[in-house]
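> What would the 3D arrangement of this be:
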Amino acid sequence: MSVSLKLYTANVKLLRSYGFSDEQIRKFVHRNAMHFAQPASWVTRKMNWVEGRLGISRDSNEFFRCFNSIASNSVASMERKMENQPHCFALAEDTIRDKLSFFMGEVGYTSSYLATCPSLFSLSLEKRVKPRNEVLKILKERMLLGGKSLITLVDYPELRFQDYLRGFEDEIPSLYETYVSSMR
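Residues are numbered from 1 along each chain as shown. Now for the predicted structure:
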């Protein structure tokens with residue numbers, strides 16, 4: 001038996017011992033095949049970190065998403081991120097789920113990328129991220145965006161962002177007003 005097949009078998013057995021169904025394991029392996037080339041002790045350490053340190057239950061639909069983010073980073077790296085943005089891990093599970101859904105579904109970010117930007121989870125979707133994402137879409141559509149990304153735009157303090165919008169008054173006279181009215 002090859003080393004990779006032994007690792008795969010050990011990891012499937014491990015996931016079963018954690019109470020995951022064969023269907024859950026199949027989906028997980030399909031999305032995270034590279035992680036199954038790691039020893040079971042590595043997988044155990046990452047899973048325990050997600051459950052113990054982040055407090056995300058194995059029963060949660062977000063468990064494997066979080067595992068993938070953690071698995072793509074070292075535990076030390078994740079600890080440093082928690083030191084810099086610890087409040088993002090104190091969010092309610094529904095809030096995290098909504099934000100993951102938006103950032104991954106609507107914006108197209110990967111879980112690995114989101115793991116490098118924990119500050120995104122501390123921002124209000126309704127009051128900051130979504131209105132600025134609408135502005136980003138308008139600017140992209142008109143090919144006026146330049147090198148700006150959503151992360152850059154949501155990172156701007158409110159007054160700086162409003163000044164940024166005023167820079168488009170000639171090309172899109174209603175852009176600033178549209179943004180301000182979406183904030184109400």
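
> what about the lengthiest helix in the chain, average pLDDT?
Counting by DSSP state H, the longest helix found in the chain is helix 3-17. Confidence for helix 3-17, expressed as mean pLDDT, is 87.

> Which of the residues in that helix are classified as buried?
With burial defined by 16 or more other CB atoms under 10 Å, the residues of helix 3-17 counted as buried are 7-8, 10-12, 14-15. In short, each C-beta sits where N, CA and C put it, glycine included.

> For the protein, give me the ranges with low pLDDT.
Low-confidence segments of the chain (pLDDT under 70): 1, 3, 75, 80-93.

> Not including adjacent chain positions, what is the nearest residue to the spatially most central residue of it?
Note on the chain: the residue nearest the mean C-alpha position is Leu114, at 3.4 Å, using CA atoms, centre = their mean. Distances taken as CB to CB, 6 or more residues apart in numbering put Phe103 closest to Leu114, at 5.8 Å, once the chain neighbours are dropped.

> what's the distance between the one you found and Lys148?
Going from Phe103 to Lys148 by CB to CB, to the nearest Å gives 17 Å.

> the more surrounded of these two?
When Phe103 and Lys148 are compared for neighbours, Phe103 comes out ahead with 23 against 15, by other CB atoms under 10 Å.

> Who are the packing partners of the longest helix of the chain?
Secondary structure elements in contact with helix 3-17, counted by 3 or more CB pairs under 8 Å, 6 or more residues apart in numbering; DSSP states H and E, are helix 22-31, helix 40-48.

> separation between Gln162 and Asn68?
For Gln162, the distance to Asn68 (CB to CB) stands at 37 Å.

> Tell me which of these two has more neighbours.
Set Gln162 next to Asn68 and count neighbours by other CB under 10 Å: Asn68 wins out with 20 against 14.

> all helices in the protein, in order from the N-terminus.
When assigned using DSSP H, the helices of the chain occupy the ranges 3-17, 22-31, 40-48, 63-71, 75-84, 93-100, 111-115, 130-141, 150-155, 158-166, 175-182.

> wait, which of the ones you listed is closest to Ser57?
Between Ser57 and the helices of the chain, the tightest spacing by CB to CB is seen for helix 63-71, at 6.8 Å.

> tell me the angle of that closest one relative to helix 22-31?
For helix 63-71 against helix 22-31, the angle between stretch directions is 30 degrees (axes from the mean of the first three to the mean of the last three CA atoms, to 10 degrees).
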